[in-house]
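Participant: What would the 3D arrangement of this be:
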Amino acid sequence: MTPNTTNKSKTSDIALYGLFIALIYVATRFINIPGPTPGGLFHLGNVMAFTIAIVFGKRAGAISAAFGMALFDITSSFLPWAPFTFIIRFAMGYTIGYLSDKGTNGKASKSLFFNLLGIALATIIMIGGYYIAEVILYGNLYAPIQSIWGNFMQCVVGTVLGLPLATAVKSAFIKRNLLTRA
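Facilitator: Residues are numbered from 1 along each chain as shown. Predicted structure coming up:
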């Protein structure tokens with residue numbers, strides 16, 4: 001591989017990550033409903049984050065979810081949440097992408113199993129991570145309990161909409177012989 005090829009690869013990765021970050025930001029920022037709990041928010045950013053992690057892998061999933069959703073926090077009234085969101089979403093995207101990679105060399109059922117396992121673990125990361133973040137931000141062990149159901153439902157919707165979308169996108173890329181992983 002020549003140095004020029006490596007630079008092209010890095011440049012295209014940066015461009016793709018920028019696109020993915022923008023997709024997640026837009027899905028979080030503009031396709032949302034304020035939640036029933038104070039300060040809560042229901043959005044479709046997880047759909048994009050799950051799809052990107054499944055189709056493009058752990059690096060793309062981690063980077064785009066972390067930056068996309070933290071950028072939303074920074075540009076909205078959720079600024080104190082940004083560092084927590086960055087860490088939680090990075091871990092979620094990495095987990096889903098990592099396990100999705102494990103299921104790519106096999107039957108569709110194996111792939112589905114690993115995708116669902118990744119999403120299940122990411123759901124635990126999200127619920128636990130935001131619970132800890134709320135304890136730190138609010139100084140109360142009990143108040144964050146009210147957010148668990150909303151965080152869980154965020155992941156359910158992300159799964160129900162994101163898995164079919166990821167399957168369709170992945171299938172289209174395979175049919176066109178396009179690379180989805182670096």
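Participant: from here on, contacts and neighbour counts on C-alpha atoms
Facilitator: OK.
Participant: got a list of what I33 touches?
Facilitator: By C-alpha atoms under 8 Å, 6 or more residues apart in numbering, the residues touching I33 are L41, F42, H43.
Participant: Restricted to strands, list these.
Facilitator: Among these, DSSP state E puts L41, F42, H43 in strands.
Participant: what's the closest non-adjacent residue to G162?
Facilitator: Of all residues beyond its chain neighbours, the one nearest G162 is V47 (4.5 Å), with distances taken as C-alpha to C-alpha, 6 or more residues apart in numbering.
Participant: hang on, isn't the one you found packed against L161?
Facilitator: Yes. V47 is in contact with L161 according to C-alpha atoms under 8 Å; the separation is 6.1 Å.
Participant: Compare those two (neighbour count), which wins?
Facilitator: Shown here are V47 and L161; by other C-alpha atoms under 10 Å, V47 has more neighbours (25 against 17).
Participant: Looking at the host helix or strand of the more buried one now, give me its mean pLDDT.
Facilitator: Under the criterion of DSSP states H and E, V47 resides in helix 45-56. In this model, helix 45-56 has a mean pLDDT of 96.
Participant: repeat for stretch 18-34
Facilitator: 91.
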